[in-house]
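Trainee: The following block contains a protein sequence and its predicted model.
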Amino acid sequence: MKKYKVGAVVSLPSGVGLSIVVKLVFLLIRKGRIIMIKFKTGENVALPESKYPGVPGVVISYNNKTEKYLVRFNGVQQMYFSEDELVAWDKK
């Protein structure tokens, strides 16, 4: 299978519908696994209830190597959290 760099322009084989392309745009391929980034930069999240009950945070970035989100809370504090530790603020 030929590998392409992120952002490369490629032509799709006939029969590939737009819906398939749209779904693939949201996926990242890493180490042979397909993962989906759950939270976007700037999204409001709730920090883990066990350590920070009721504390909101904002996603600053996603680290592909550690698969963790950098979240800012209390105005200046920042920490890395895994996807399963965070909950979207509007779904809290």
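Mentor: It's in. Predicted model only: the values in this text are computed from it and were never measured. Numbering: from 1, shown residues only.
Trainee: Name the secondary structure element that contains Gly57.
Mentor: Per DSSP states H and E, Gly57 falls inside strand 56-63.
Trainee: Just the buried residues of that strand, please?
Mentor: Gly57, Val58, Val59, Tyr62 (16 or more other C-beta atoms under 10 Å). Every residue, glycine included, has its C-beta placed from N, CA and C.
Trainee: Strands along this structure, start to end?
Mentor: Ranges of strands within the chain are 27-30, 33-36, 44-46, 56-63, 68-73, 77-82, 87-88, based on DSSP state E.
Trainee: Let me have these in TSV, adding mean pLDDT as columns.
Mentor: Supplementary listing: the strands of the chain in TSV, determined by pLDDT from 0 to 100:
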stretch	mean pLDDT
strand 27-30	47
strand 33-36	55
strand 44-46	95
strand 56-63	94
strand 68-73	95
strand 77-82	95
strand 87-88	92
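Trainee: who's in contact with Ser82?
Mentor: Shown in contact with Ser82 (C-beta atoms under 8 Å, 6 or more residues apart in numbering): Glu67, Lys68, Tyr69.
Trainee: among these, who's most crowded?
Mentor: Using other C-beta atoms under 10 Å as the neighbour criterion, Tyr69 leads these with 24 neighbours.
Trainee: gap between that residue and Val76?
Mentor: Distance of Tyr69 to Val76, given as C-beta to C-beta, to the nearest Å: 17 Å.
Trainee: sorry, back to before: of the contacts of Ser82, closest to Val45?
Mentor: Checking those against Val45 by C-beta to C-beta gives Tyr69 as the nearest, at 7.8 Å.
Trainee: Quick one: residues contacting the closest one.
Mentor: Phe39, Val45, Val59, Ile60, Ser61, Tyr62, Asn63, Tyr80, Phe81, Ser82, Glu83, Leu86.
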